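Visitor: Fold the following.
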Amino acid sequence: MSRELRKKILKEHVQGVLDDLNIRPPAAFLEQIYEIITFRTALTEETDRGCALMAASFLEHRTGELLKSFFVADENLHQSLLNGNGPLSSFSSRIDVAYSVGVIPKMMRNDLHLLRKIRNEFAHTPEEINFQTPSIADRCRILNYAGTARTTIDPRESFIRAMMGIDGSIFVKMLSLQNVEPLPDEDFGEREQMFEVLMAAPIKF
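Guide: Below is the predicted model:
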């Protein structure tokens, strides 16, 4: 079955479920759902190494989008933070900052770091490895977002389930987030006047 045909069937299935439930989500919401479905189908066709690299890259991007949904709405600032040599250009830094500002829970932070470590092992090991490699399989078995079956299912399936679970949670969180408002600039004239008043006041010991 081709990728396009699989995607078409899955989209029709999702639409059928929504119709049965009489749910009419916004078009933007549906596009996000279809994006996730498309990515999930792409992962099934990848090698183990390709699956790990693609999934982690997708979540690295998604974590950046999550932070942009929370930060002050300044696209130039976002670019300088997230791209190139910016302080949030690495997956690790994005995970920790997302947790520290309260937009992801501790359990997700732990799983994202596990996914990142799995990605790194695939990326930096020249020998042939796969999801059955003990060090990788062991990490897959403790991924919380893979669900309660994570210790019994295939490690690759556990990895993909966790990735999809995390992405779904991030997507839902992004729907509820609003960019924080920047603090207003200070009135230096008022501050200087207050300083002068304080300096003119008599000091008694």
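Visitor: need the contact list for Glu181.
Guide: Contact analysis of Glu181 by C-beta atoms under 8 Å, 6 or more residues apart in numbering lists Val72. Bear in mind the C-beta positions are built from the backbone N, C-alpha and C, glycine included.
Visitor: And it, how far from Met108?
Guide: Glu181 sits 26 Å away from Met108, going by C-beta to C-beta, to the nearest Å.
Visitor: now Gly50
Guide: 24 Å.
Visitor: Of these two, which one has the most company?
Guide: Using other C-beta atoms under 10 Å as the criterion, Gly50 and Met108 rank with Met108 on top: 22 against 13.
Visitor: Now do the SS call for the closest residue in space to Pro182 that isn't next to it in sequence.
Guide: Excluding its sequence neighbours, the residue lying closest to Pro182 (C-beta to C-beta, 6 or more residues apart in numbering) is Val72, at 4.8 Å. Using DSSP: H, G, I helix; E, B strand; the rest coil, the structure places Val72 in coil.
Visitor: Tell me if I'm right that Val72 and Asn179 touch.
Guide: Yes. Using C-beta atoms under 8 Å, Val72 is in contact with Asn179, at 6.1 Å.
Visitor: Show me the helices in this structure, by range?
Guide: With DSSP state H as the criterion, the chain has helices at 3-20, 27-44, 48-70, 75-82, 91-100, 106-124, 134-140, 155-176, 188-200.
Visitor: Of all those helices, which one comes closest to Gly147?
Guide: helix 155-176 (6.1 Å; C-beta to C-beta).
Visitor: Check which residues of the closest one are buried.
Guide: Neighbour-count burial for helix 155-176 flags 155-156, 158-167, 169-171, 173-174 (criterion: 16 or more other C-beta atoms under 10 Å).
Visitor: How about stretch 74-94?
Guide: For stretch 74-94, burial by neighbour count (16+ other C-beta under 10 Å) applies to His78, Leu81, Leu82, Leu88, Phe91, Arg94.
Visitor: do the same with stretch 123-140
Guide: Neighbour-count burial for stretch 123-140 [16+ other C-beta under 10 Å]: Ile129, Phe131, Thr133, Ile136, Ala137, Arg139, Cys140.
Visitor: And the chain, what are its domain boundaries?
Guide: Annotated domains of the chain cover 1-45, 47-180 [automatic domain parsing].
Visitor: averaging pLDDT over each of those domains, which comes out lowest?
Guide: Lowest mean pLDDT within those: domain 1-45, at a mean of 70.
Visitor: can you pull the contacts of Leu77?
Guide: Phe71.
Visitor: Look up how far Pro87 lies from it.
Guide: In terms of C-beta to C-beta, Leu77 sits 11 Å off from Pro87.
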